[in-house]
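1. sequence-free structure coming up:
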């Protein structure tokens, strides 16, 4: 009986050891602005990239500026609409987009602060674009069908009028902290140069250190991506964060083991651990370039969500996680609105990253001719 009790105690201790609840410790942290919510919109691409740019402004100037996410959304919708109409509906028109769409808008239209352009009607405090997108989609489909026999000459003006109603007319001049700016002069003040940023991915079916157009639905603007080996992809993220640069991230969040509520994203080696792995440390799957490509090509990895990586943390066993700033607010979300994403999860489920070109390790930058 005594022997049985001792054995039972050892078993309990082993199970307790295997089911340790997460305890995280900061390894490195880049300056960032507060977590906010994208509301009921599909504009994570603008919220995350704006957050990324806010960290870049902090790094460059020390200024904390709350940028307008909706300013670049407002300027991107006409581009989406033209792509959809001129392709006669054989393209995607949706709320989605990518980080380079923000950079394209910034290069052309500049930046403005949130205090100048909120994209909200007076009295509103949450974004909801469902009605606006439904109205725009119906309009564009009507133009494509050409009920009058030809495409209306003023269809773009009509689209802009709808956007002005729902989001507000673009601003040309404004005052910020006692100074008068245009969107372009405000951009110059922030120190941001859109040409300084590169988008990098890693897929084994593309030549290493080449550029290609990644075929994902939200790449309506046919943005080009640098392709690097998976070890270089991860090394770039680590190098950037350790050198004071943050990282923009496009990632699949459809997995059961991604949880905003728990604030954790993992890839357990044993699928039966999917639920418990959100609460306690479990062994994770080994990720290879072959598995990464397979998951992408069979639609298990999809272009779901853009987020902002601001640091690295580790659990009590020394496992590495990336501190990823989400745009779902902080209410009922773990880790104060951040998701701690394990290294295997990021290796497998990241679609791409955007970084300042100086945040790319020198040997990799040379191979990319940056």
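-> It's in. Model, not experiment: these values are computed from the prediction.
2. got any ranges where the stretch 1-150 of the chain has weak pLDDT?
-> 1-19 (pLDDT under 70).
3. Just the helices from it, written as ranges.
-> 2-18, 44-61, 69-86, 99-109, 130-145 (DSSP state H, counting those that start in this stretch).
4. likewise the stretch 151-300 of the chain?
-> Going by DSSP H, counting those that start in this stretch, the stretch 151-300 of the chain shows helices at 155-167, 183-190, 230-242, 289-297.
5. Same list, those helices, but as JSON lines with mean neighbour count, mean pLDDT and distance to residue 96 please.
-> C-beta here means a position set from N, CA and C on the backbone, and glycine is covered the same way. Formatted as JSON lines, these follow (neighbours: other CB atoms under 10 Å; pLDDT from 0 to 100; distance: least, CB to CB, whole Å):
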{"stretch": "helix 155-167", "mean neighbour count": "16", "mean pLDDT": "97", "distance to residue 96": "17"}
{"stretch": "helix 183-190", "mean neighbour count": "18", "mean pLDDT": "98", "distance to residue 96": "24"}
{"stretch": "helix 230-242", "mean neighbour count": "20", "mean pLDDT": "98", "distance to residue 96": "23"}
{"stretch": "helix 289-297", "mean neighbour count": "16", "mean pLDDT": "98", "distance to residue 96": "17"}
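6. which stretch among the helices of the stretch 1-150 of the chain comes nearest residue 223?
-> Ranking the helices of the stretch 1-150 of the chain by proximity to residue 223 (CB to CB) places helix 99-109 first, at 4.1 Å.
7. Can you tell me which helices and strands that closest one packs against?
-> Under the contact definition 3 or more CB pairs under 8 Å, 6 or more residues apart in numbering; DSSP states H and E, helix 99-109 sits against helix 44-61, helix 69-86, strand 197-201, strand 350-356.
8. What residues sit buried inside it?
-> 99, 100, 101, 102, 103, 104, 105, 106, 109 (16 or more other CB atoms under 10 Å).
9. mind listing what the second one touches?
-> Under the criterion of CB atoms under 8 Å, 6 or more residues apart in numbering, the contact list for residue 100 reads 199, 221, 223, 354.
10. which of the residues you listed tops the neighbour count?
-> Within these, most neighbours by other CB atoms under 10 Å means residue 354, with 25 neighbours.
11. And the contacts of stretch 309-317?
-> Residues contacting stretch 309-317 (CB under 8 Å, 6+ apart): 20, 22-30, 32, 55, 237-238, 241-242, 246-249, 281, 320-325, 338, 340, 353.
12. go with 6 Å
-> The contact list for stretch 309-317, computed with CB atoms under 6 Å, 6 or more residues apart in numbering, reads 22-30, 32, 241, 246-247, 249, 281, 320-325, 340.
13. for stretch 323-330, same thing?
-> 35, 37-38, 44, 47-48, 51, 260, 307-311, 313, 336-339, 341.
14. roughly how far out does it sit from the chain middle?
-> 10 Å (CA atoms, centre = their mean, to the nearest Å).
15. got the buried residues for it?
-> Those would be 323, 324, 325, 326, 327, 328, for stretch 323-330 by 16+ other CB under 10 Å.
16. What about those residues, which are in strands?
-> If you go by DSSP state E, these have 323, 324, 325 in strands.
17. quick one: which of the contacts of residue 100 is nearest residue 193?
-> Using CB to CB, those come closest to residue 193 at residue 354, 13.8 Å.
18. Isn't the closest one up against residue 247?
-> No: Residue 354 is not in contact with residue 247 according to CB atoms under 6 Å; the separation is 7.3 Å.
19. quick one on the thing from earlier: quick check: which of the helices of the stretch 1-150 of the chain is nearest to residue 370?
-> Closest among the helices of the stretch 1-150 of the chain, using CB to CB: helix 99-109, at 15.7 Å.
20. quick check: angle from the closest one to strand 350-356?
-> 30 degrees (axes from the mean of the first three to the mean of the last three CA atoms, to 10 degrees).
21. Give me the angle between helix 99-109 and helix 183-190.
-> Using the same axes, to 10 degrees: helix 99-109 against helix 183-190 is 110 degrees.
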